[in-house]
Each structure stands twice: as structure tokens, then as C-alpha cells.
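quick one: sequence and predicted model below, then my questions.
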Amino acid sequence: FVVLGASGDLAKKKIIPTLWWLYRDDLLPDHIHIIGYARSKMSVADIRAKAFPYMKVKDSEKAKLDSFFAAMSYVQGSYSEEDGFKKLDTAIKAFHNGNKANRLFYLALPPTVFAEVTQNIHDHCFEHEGWNRIIIEKPFGRDFDSSAKLSNHLSRLFDESQLYRIDHYLGKEMVQNLMVLRFANRLFGPVWNRDNISSVLITFKEPFGTTGRGGYFDKFGIIRDVMQNHLFQVLCLTAMEKPASNNADDIRDEKVKVLKCIRPLKLDDLVLGQYVADPEGTGDAKEGYLDDPTVPKGSVTPTFAVGKFNICNERWDGVPFILKCGKALNERKAEVRVQFRDVPGDIFSNGVVKRNELVMRVQPNEAVYCKMMTKSPGMNVEPVETEMDLSYNLRYKDVKMPDAYERLILDVFTGSQLNFVRSDELSEAWRIFTPVLHQIENEKVNPIPYKYGTRGPEEADVFIKAAGFHYSSTYKWVNPNL
Ligand SMILES: NC(=O)C1=CN([C@@H]2O[C@H](COP(=O)(O)OP(=O)(O)OC[C@H]3O[C@@H](n4cnc5c(N)ncnc54)[C@H](OP(=O)(O)O)[C@@H]3O)[C@@H](O)[C@H]2O)C=CC1
Ligand SMILES: O=C1O[C@H](COP(=O)(O)O)[C@@H](O)[C@H](O)[C@H]1O
């Protein structure tokens with residue numbers, strides 16, 4: 001397992017800790033050897049020191065941790081020159097000692113070096129006896145053309161079955177559960193359509209800004225960072241037809257079909273925002289997006305976006321899929337909210353009956369709940385709002401929920417591409433977003449300012465309401481834990 005970019009942030013925060021958790025739980029193959037590769041002069045001890053704060057090691061695990069790092073080495077080399085990769089190949093060969101070996105390369109690297117690194121891996125580090133697999137992190141390009149260029153480059157070097165494009169949302173418990181909820185319950189199938197569903201709202205909110213990553217983020221913006229990939233994957237799993245089987249290509253075929261039914265997004269179907277400081281807030285809230293010195297002065301990059309999509313097929317035509325994402329908002333939350341149509345021929349008093357909603361909460365605290373009406377308990381006969389609630393922390397108290405990266409890296413070892421992005425999914429997603437992204441950039445469309453720590457610009461609520469999502473404001477949840 002070669003971690004390219006071993007000196008970087010992703011390696012220390014995610015990849016090394018994930019490998020450790022898999023190793024600790026005896027889920028990695030026997031005889032695994034991990035090699036870090038980067039330009040910096042460093043050692044395995046340095047990798048260990050950098051990653052340790054993120055590895056959640058218990059005192060009782062210290063001996064196992066030592067054996068984990070004993071199975072690691074480090075090779076210093078450049079990303080552009082072949083010498084480093086030849087050295088890497090020699091280092092790998094030293095471990096398999098002439099025996100057949102499988103090689104997995106994780107590109108924990110900035111996209112600027114993807115092309116040269118993959119070329120060098122292909123030319124100098126491929127094993128001819130065992131399998132070779134490459135894991136690539138997003139961003140997979142910035143638009144349709146750059147993504148196609150990267151895809152063409154990769155397809156010249158590798159077979160699609162060797163490429164694992166990570167979208168870590170596909171490794172999250174509730175995102176994986178979408179398939180089971182939809183296709184393993186008779187309850188939902190018959191109502192999962194335009195006759196019964198009035199809108200689908202897919203939300204991603206983070207309560208912190210981009211400080212520290214402003215330089216990277218500004219080149220991409222929230223649409224490329226979250227909506228075009230994470231939220232679109234969730235949209236596809238929510239909207240797709242039942243696949244012929246649960247094998248990776250059958251599922252990905254269905255996702256592609258959904259994307260093909262979506263027309264390119266228009267500016268009128270978007271609300272864009274950018275967070276500003278909240279002078280009364282504390283800590284980071286005192287800093288707006290433009291106050292970050294790594295963000296170019298006067299940048300109009302959106303940190304918040306709501307987009308409305310129509311899936312023009314027999315099941316969904318006319319049902320708005322509303323995708324909302326933003327940084328520096330009031331809470332951390334990712335969820336899918338399926339809102340049903342009004343009950344026809346309401347026989348109860350005016351406006352008491354509210355729409356049903358099925359909410360699949362991805363994070364925090366995984367839950368599936370269905371907002372519904374019940375008779376007010378006791379002497380009263382009026383309908384009241386309530387919920388059927390599957391809260392994972394109550395129902396599955398002792399289950400350890402693996403991190404998304406743990407599931408996905410394990411998938412790569414086992415050769416399952418189900419939870420990875422195929423190149424045609426990618427090009428369809430870019431087809432939908434590229435024209436509007438270019439328009440936003442060319443016309444320097446001004447995002448609406450919103451205060452750090454709020455729910456985003458009020459215009460977003462107006463837009464979402466106009467799109468067809470009803471917010472009743474009357475639903476009150478009683479936390480059974482309290
Ligand atoms: N098992 C569990 O843990 C359960 C927890 N709950 C909790 O109860 C609370 C309420 O439930 P919830 O399902 O959110 O229902 P609500 O009816 O309170 O909210 C529904 C949606 O309306 C949006 N919203 C909030 N304020 C406005 C507004 N002023 N205008 C327009 N839209 C608005 C919210 O999204 P946003 O603010 O993101 O835009 C949310 O998507 C939540 O905190 C939920 O987590 C409920 C049921 C079960
Ligand atoms: O890919 C990304 O995802 C993270 C959010 O991931 P989560 O698992 O914490 O929900 C986001 O912060 C980041 O901007 C984006 O690049």
C-alpha cells in the first residue's frame with residue numbers, strides 16, 4: 001500500500017489513521033507493507049508523530065501500534081521525475097522478495113500532480129504478476145473539459161477496473177443504507193414517485209468556515225466542493241431505478257441513467273451565498289470568508305449554494321430535487337428529506353394535517369425518521385404531528401460505526417467498485433454543472449452575504465419555498481434521551 005503524499009494533511013488525518021484502524025481490527029491482508037512517498041525528507045517516525053493525534057490509540061494497543069509502524073517504510077522522491085519512482089519500485093520489490101504481490105497506490109496529492117504521478121506509477125511501479133489499483137481523491141477536474149482530459153489520461157494508462165475514484169460520502173452508513181431502505185422494504189417502493197412525493201431536499205451544512213483551506217477552496221467553491229459530487233451521489237441513490245442486481249456496474253448504470261435525465265443547471269435555479277463575519281460571534285465567527293488572507297481580495301466564490309434539479313423521467317418529472325450546502329452555518333448536518341404530497345380530501349380542521357416527511361440523517365447521529373400525524377393521545381381527537389423514529393444511537397447501541405474511509409479502503413482491497421465513481425458518472429455530473437459554473441465565473445456573479453453561524457441567506461428559504469418545499473414550523477421533536 002503506497003501512500004503518495006505521505007507528508008500531507010490527508011495522509012496524516014485520514015489515510016494513516018484509517019490503515020491503522022483496519023490493521024488494529026485485523027482487516028488488512030497478511031504481509032501488508034505500507035510505503036510512504038513524498039518529496040520531503042522525513043522518516044517513518046515523523047509520519048507516526050504527525051498521524052498519532054488522529055489515530056485514537058488506546059494504551060492497551062501500543063504493542064500493535066509498534067508492529068503497524070514496523071510494517072511501514074518511507075521513500076523520498078519527486079512527483080515529476082522517474083528516479084524517485086524507480087526507487088519506489090525497488091523498495092516495493094524488496095518486500096515481496098520475488099513473490100507475486102498486489103500493489104495499491106493512494107494518491108493523497110493535489111490534483112496538479114495527478115497526471116505526472118499516474119504516468120510514473122504506470123511506467124515504473126506496476127507489478128505484472130499481481131493486481132495494481134489506484135485510489136484517486138477528488139477533485140476530478142474543475143469542469144467538463146478538465147475532467148475529460150484527466151479521464152482520457154487515466155484511461156490511456158489504466159483499465160477502469162484499476163481505478164478507484166473516492167467520494168467518501170459513498171462510504172457513510174446512511175448513504176449506503178439508501179439502497180437497503182428503498183429496495184428491501186415494500187413500504188416505500190410504491191410511493192417513491194411523482195404521484196406521492198412533492199419534493200426531495202438534500203442538505204449538507206457545516207458550522208465552520210474555510211479558514212486554513214481558503215487558497216484551495218477559492219479555486220473550487222461550494223458547488224464543486226460538495227454539490228457536484230457528494231450531494232449528487234446522494235441524489236442518484238435516492239432517485240435511481242432498482243438496479244438489475246447489487247453488483248457495482250448495475251448500480252452505477254442506474255446512477256448514470258438518472259444523471260442523463262437532468263438538464264444543465266441554470267443560474268435561475270441557483271441561490272449563491274458567501275459568509276461574512278458575525279461581529280457579535282466568538283472565535284472563528286469573527287472572520288468572514290474574505291477576511292482569510294489566503295482568499296483573494298474581492299473573491300465572489302460561493303460558500304453556500306442551493307440548486308434545484310428536475311429529473312426528467314417517468315418517475316420524477318416535476319418533483320424538485322433541492323440540493324443545499326454551505327459552510328459557516330448554524331449546525332453540522334447532512335440529510336435527505338423526502339416530503340410527501342398533501343393528503344387529498346382533508347377531513348380534519350383547517351391546516352392541522354401536515355405533510356409526511358421521511359428523513360434519512362447521514363450525520364451527526366445517523367437516524368431515519370418519518371414525520372407523520374397521529375391522534376392526539378388522550379381525550380382529544382385532533383391529529384397531531386409526531387414521528388416514527390429509528391435513531392441508531394438507541395437501536396444499535398453497541399455497534400461500532402466504521403469511518404467512511406475504513407469501508408472504502410477495505411472495498412479497494414477486496415476489489416469492490418460499488419462505492420466508487422465511474423468515469424461516465426463523472427462526465428454526466430460535469431455536463432450538468434459546467435455551463436453554470438463558467439457563467440458564474442465569467443459574469444462574476446455576486447453571492448448573497450450571510451452571517452457566520454446562521455442558516456444561510458434568507459433568499460434561500462424563499463427560493464426553496466417557491467420550489468415547492470413546505471416548512472410548517474409547527475413540528476416539535478421530543479428527544480427520548482432526555
Ligand atoms: N431521531 C432523531 O434524532 C430525531 C431528531 N429530530 C430533530 O428534531 C428537530 C426538528 O426536526 P426536523 O426534521 O428538522 O423538522 P422541522 O420541521 O423543524 O424542519 C424541517 C426542515 O425545515 C428547515 N427549516 C428550518 N427552519 C426553516 C425556516 N425558517 N424556513 C424554511 N425552512 C426551515 C430545516 O432545514 P435547515 O435549517 O437545515 O434549512 C429542515 O430541513 C431537528 O433538530 C431534528 O434533528 C426529529 C426527529 C427525530
Ligand atoms: O469533501 C469534502 O467533505 C468535507 C465534509 O466531509 P464530512 O465527512 O466531514 O461531512 C468538507 O468539509 C470539505 O470541504 C469537502 O472538500
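Ah, there it is. Ligands and ions are numbered 1, 2, ... in the order given.

so who does residue 274 touch?
288-290, 300-304, 447-450 (CB atoms under 8 Å, 6 or more residues apart in numbering). No exception for glycine: its C-beta is placed from N, CA and C like everyone else's.

separate out the buried members of the residues you listed.
Neighbour counting by 16 or more other CB atoms under 10 Å classes 288-290, 300-304, 447, 450 among these as buried.

now, which of those residues sits nearest ligand 2?
Distance to ligand 2 across the buried ones among the contacts of residue 274 (CB to the nearest ligand atom) is lowest for residue 303, with 9.9 Å.

any idea how far that closest one lies from residue 212?
Distance, residue 303 to residue 212, using CB to CB, to the nearest Å: 14 Å.

before we move on, what about residue 474?
40 Å.

and residue 336, by the same measure?
With CB to CB as the criterion, residue 336 and residue 212 are 29 Å apart.

more neighbours, the two?
The neighbour comparison of residue 336 against residue 212 (other CB atoms under 10 Å) goes to residue 336, with 24 against 12.

make sure that one is actually in contact with residue 200.
Yes: Residue 336 lies in contact with residue 200 (CB atoms under 8 Å); the separation is 6.9 Å.

what do the two both touch?
Each of residue 238 lies in contact with both residue 336 and residue 200 under the rule CB under 8 Å, 6+ apart.

let me see the confidence value for whatever residue of the stretch 151-300 of the chain ends up closest to ligand 1.
Residue nearest to ligand 1 within the stretch 151-300 of the chain: residue 203 (5.0 Å; CB to the nearest ligand atom). The score at residue 203 is 98. That number is its pLDDT.

quick one, what contacts it?
Residue 203 is in contact with 324-325, 333-335, 337, counting by CB under 8 Å, 6+ apart.

strands - which of those land there?
Per DSSP state E, strands hold the following members of these: 324-325, 333-335, 337.

which two in those residues are spaced the farthest apart?
Greatest spatial distance among these (CB to CB): 325 and 337, at 13.8 Å.

who's more crowded, those two?
More crowded of residue 325 and residue 337, by other CB under 10 Å: residue 325, with 25 against 18.

so how far is residue 273 from the more buried one?
10 Å.

between these two, what contacts are shared?
By CB under 8 Å, 6+ apart, residue 325 and residue 273 have these common neighbours: 304-305.

tell me which parts of the chain are close to ligand 2?
When proximity is defined by CB under 6 Å from any ligand atom, the chain lies next to ligand 2 at 168, 206, 225-226, 334.

might you report the residue contacts of residue 104?
Each residue near residue 104 by CB under 8 Å, 6+ apart is listed here: 1-2, 132-135, 412-413.

closest to ligand 2 out of the residues you listed?
residue 135 (14.6 Å).

so what's that closest one up against?
Residues near residue 135 by CB under 8 Å, 6+ apart: 104-107, 164, 166, 409, 412.

try it again with 7 Å
106-107, 164, 166, 412 (CB atoms under 7 Å, 6 or more residues apart in numbering).

and the residue of this protein nearest ligand 2?
Across the chain, no residue is closer to ligand 2 than residue 225, which sits at 4.7 Å (CB to the nearest ligand atom).

for the nearest residue to that residue once chain neighbours are set aside, helix, strand, or coil?
Closest residue in space to residue 225, ignoring its immediate chain neighbours: residue 217 at 6.5 Å, by CB to CB, 6 or more residues apart in numbering. Secondary structure, DSSP: H, G, I helix; E, B strand; the rest coil: residue 217 is helix.

run a quick neighbour tally on residue 217.
For residue 217, the count of nearby residues is 23 (other CB under 10 Å).

quick one: it and residue 393, what's the gap?
Using CB to CB, we find residue 217 at a distance of 32 Å from residue 393.

same question for residue 421.
Relative to residue 393, and taking CB to CB, residue 421 is found at 30 Å.

of the two, who's got more company?
Shown here are residue 421 and residue 393; by other CB under 10 Å, residue 421 has more neighbours (23 against 13).

and residue 267, how far is that from residue 437?
Distance from residue 267 to residue 437, by CB to CB: 10 Å.

up against ligand 1, what does the stretch 301-450 of the chain have?
Neighbours of ligand 1 within the stretch 301-450 of the chain, by CB under 6 Å from any ligand atom: 333, 337, 359, 365, 367, 369, 387, 389, 391.

what count of nearby residues applies to the fourth one?
Here the count is done by other CB under 10 Å, and residue 365 has 11 residues near it.

checking my notes, it in a helix, right?
No: counting by three-state DSSP, residue 365 is not part of a helix but coil.

how about it: what's its closest non-neighbour residue?
Computed as CB to CB, 6+ apart, the closest residue to residue 365 that is not its neighbour in sequence is residue 393, at 5.7 Å.

about what we covered before: taking the contacts of residue 135 together, which two end up most distant?
107 and 412 (12.2 Å).

those two - which one has more neighbours?
residue 107 (22 against 19).

now do the contacts for the more buried one.
By CB under 7 Å, 6+ apart, the contact set of residue 107 is 4-5, 114, 117, 134-137.

which of those fall within strands?
4, 134-137.

count of residues packed around residue 256?
Neighbours around residue 256, by other CB under 10 Å: 18.

which of the contacts of residue 104 lies closest to residue 375?
Among the contacts of residue 104, residue 412 lies closest to residue 375 (CB to CB), at 51.3 Å.

ok, the closest residue to that closest one other than its chain neighbours - contacts?
Sequence neighbours aside, residue 164 is the residue nearest to residue 412 in space, at 5.0 Å (criterion: CB to CB, 6+ apart). With contact taken as CB under 7 Å, 6+ apart, residue 164 is in contact with 133-135, 412, 417, 420.

can you rerun that using 10 Å?
When contacts are counted by CB atoms under 10 Å, 6 or more residues apart in numbering, residue 164 touches 104-106, 133-136, 408-409, 411-412, 415-417, 419-421.
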